[in-house]
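> structure, please.
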Amino acid sequence: MERQKQGRAPAYRLDRHADDCVQCGHCDRRCPFGVVQTARMREIAAYFG
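So this is what the prediction gives:
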């Protein structure tokens, strides 16, 4: 899947993107650094649109 916003540098071509996150919380429980991944995915999805 290719995704690129106009006016931004080329992004890595990933199969999944932050807006694919279903907010299930699985990553939040497993993160060894205590990062709330669901919140980060929302921030990242908003940033990249």
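> residue nearest the centroid of this protein?
residue 18 (2.3 Å; Cα atoms, centre = their mean).
> next, the buried residues of the longest helix seen in the chain.
Ranked by residue count, the top helix of the chain under DSSP state H comes out as helix 37-48. Neighbour-count burial for helix 37-48, counted by 16 or more other Cβ atoms under 10 Å, picks out 37, 41. Every residue, glycine included, has its C-beta placed from N, CA and C.
> which strands and helices lie in contact with that helix?
Where contact means 3 or more Cβ pairs under 8 Å, 6 or more residues apart in numbering; DSSP states H and E, helix 37-48 is packed against helix 26-30.
> my read: the residue nearest to the centre of the chain touches residue 41, true?
Yes - Residue 18 lies in contact with residue 41 (Cβ atoms under 8 Å); the separation is 4.6 Å.
> in this structure, where is pLDDT below threshold?
1-12 (pLDDT under 70).
> same thing but 80
Residue ranges of the chain with pLDDT under 80: 1-14, 49.
> contacts only, for the residue nearest to the centre of the chain.
41-42, 44-45, 48 (Cβ atoms under 8 Å, 6 or more residues apart in numbering).
> now residue 19
41, 45, 48.
> now residue 33, what's its secondary structure?
coil (DSSP: H, G, I helix; E, B strand; the rest coil).
> nope, residue 19 is what I was after
Relying on three-state DSSP, one would call residue 19 helix.
> that one and residue 26: what is the separation?
As for residue 19, its distance to residue 26 is 17 Å (criterion: Cβ to Cβ, to the nearest Å).
> same deal with residue 38?
9 Å.
> please apply the same query to residue 42.
15 Å.
> count of residues packed around residue 26?
11 (other Cβ atoms under 10 Å).
> now swap in residue 31 and tell me
12.
> got the contact list for it?
Going by Cβ under 8 Å, 6+ apart, residue 31 touches residue 37.
> residue 13 versus that one, what's the distance?
Following Cβ to Cβ, the distance that separates residue 31 from residue 13 is 25 Å.
> residue 37 now?
22 Å.
> and residue 47, by the same measure?
In terms of Cβ to Cβ, residue 47 sits 18 Å off from residue 13.
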